[in-house]
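Colleague: No letters, just coordinates:
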C-alpha cells in the first residue's frame with residue numbers, strides 16, 4: 001500500500017533528475033561528437049559511465065558487481081534484457097570501453113537520440129542487406145576499437161521463462177572474429193523498472209553478475225547452434241540461482 005502511494009512521487013523524481021541531466025550534458029555531447037572519432041566516442045562513453053554511476057546512486061539504484069571481471073581483452077558481451085534500465089546499468093557494470101548494438105528507431109528520439117547515436121552501432125533489421133552491413137561494421141569495431149555488447153534476446157522477454165530465445169547475431173560475430181563471449185546478468189532490473197509500465201520505478205540495488213567467458217576459438221559457423229545453446233543454458237541456470245523473477 002505504501003509503495004503504491006509513494007511510487008508516483010519517486011517516479012517523478014527519477015524522470016525530472018534524468019531530464020535535467022540530459023539538458024545539462026547535451027551541449028557537451030554535441031561539441032565532442034563534432035570530432036567524430038574514436039577518441040570522441042571514448043570521451044562520450046566515459047562521461048556517460050561516470051554520470052550513470054552517480055545518477056543511479058542519487059536515485060537509490062546503485063550497481064553492485066559480482067563475479068570475476070575479465071582481463072582487458074575485447075569481448076562480445078551478451079546480457080539478458082527485461083527492463084528499460086538495462087541500457088543504463090551496463091555503463092557502471094562494465095568498466096572497460098565498449099559499444100552497444102542498438103535499434104535504429106531509437107536514434108529518432110529528440111535529444112536522447114543524438115546521444116544514442118554516439119555510443120551505439122545502429123542496426124536496421126528490415127532487410128538482409130542492412131543486417132549484413134551491421135555485422136560487417138561490428139566486426140570492424142571489434143577488431144579496431146572496442147568490445148561490443150548485444151542483448152541477444154533482441155527485445156524485452158515478456159514470456160514465462162528466464163530468457164527469451166536468442167538471435168544468432170552475437171554468436172555469429174564471436175565465431176567470425178574468434179572472440180570470446182562474455183555473459184553478464186542483470187537479475188534485479190525488473191524490480192527497479194518493470195517493462196510492463198514505464199512508471200513502475202522503485203529503488204534498490206542492481207546486481208551485475210559476471211559469468212566466465214565462453215570461448216569461440218576454433219569454432220566454425222556450423223557450430224553456431226550448439227554454441228548459442230551452450231551460452232543460453234549457462235545464463236538461464238545462473239539467473240535461476242540468483243532468484244530472478246521477471247514477472248514481479
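Modeller: Yes, it's here. What you see is a predicted model; the values in this text were computed from it and never measured.
Colleague: What is the subsequent helix or strand relative to the worst-scoring helix or strand of the chain on mean pLDDT?
Modeller: When each helix and strand of the chain is scored by mean pLDDT, DSSP states H and E, helix 112-119 comes last, with a mean of 72. Using DSSP states H and E, the helix or strand that follows helix 112-119 towards the C-terminus is strand 120-123.
Colleague: Downstream of that next one, the next helix or strand is which one?
Modeller: On the C-terminal side of strand 120-123, the nearest following helix or strand under DSSP H and E is helix 128-144.
Colleague: got a list of contacts for that next one?
Modeller: For helix 128-144, the surrounding residues in contact (C-beta atoms under 8 Å, 6 or more residues apart in numbering) are 74, 76, 99, 101, 121-125, 148, 169, 172-173, 176-177, 179. Bear in mind the C-beta positions are built from the backbone N, C-alpha and C, glycine included.
Colleague: try it again with 7 Å
Modeller: 74, 99, 101, 121, 123-125, 148, 169, 172-173, 176-177, 179 (C-beta atoms under 7 Å, 6 or more residues apart in numbering).
Colleague: who wins for neighbours among those?
Modeller: Counting neighbours by other C-beta atoms under 10 Å, residue 148 comes out on top of the contacts of helix 128-144 with 26 neighbours.
Colleague: Go through stretch 119-139 and flag the buried ones.
Modeller: The neighbour-count check on stretch 119-139 (16 or more other C-beta atoms under 10 Å) flags 119-123, 134, 137-139 as buried.
Colleague: what does stretch 94-104 give?
Modeller: Those would be 94, 96-102, 104, for stretch 94-104 by 16+ other C-beta under 10 Å.
Colleague: With distance to residue 15 added, can I get those in TSV?
Modeller: As requested, the buried residues of stretch 94-104 are exported to TSV (distance: C-beta to C-beta, whole Å):
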residue	distance to residue 15
94	25
96	30
97	29
98	26
99	27
100	22
101	26
102	21
104	25
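Colleague: from these, which two are the most distant?
Modeller: For these, the farthest-apart pair by C-beta to C-beta is 96 and 104; their separation is 25.8 Å.
Colleague: does residue 232 really touch residue 165, like I thought?
Modeller: No. Look at residue 232 against residue 165 with C-beta atoms under 7 Å: they stay out of range, at 8.0 Å.
Colleague: Let's verify the most centrally placed residue in the chain: helix, strand, or coil?
Modeller: Centroid-nearest residue in the chain, with C-alpha atoms, centre = their mean: residue 87, separated by 4.3 Å. Using DSSP: H, G, I helix; E, B strand; the rest coil, the structure places residue 87 in helix.
Colleague: any idea of the pLDDT on residue 202?
Modeller: For residue 202, the pLDDT comes out at 92.
Colleague: Just the mean pLDDT for the longest helix along the chain, thanks.
Modeller: Ranked by residue count and defined by DSSP state H, the top helix of the chain is helix 2-33. Averaged across helix 2-33, pLDDT comes to 88.
Colleague: and what of stretch 79-99?
Modeller: 92.
Colleague: cool, and stretch 215-228?
Modeller: 96.
Colleague: the helices in the protein, which residues?
Modeller: Using DSSP H, the helices of the chain run over 2-33, 38-58, 86-93, 112-119, 128-144, 169-177, 189-192, 224-241.
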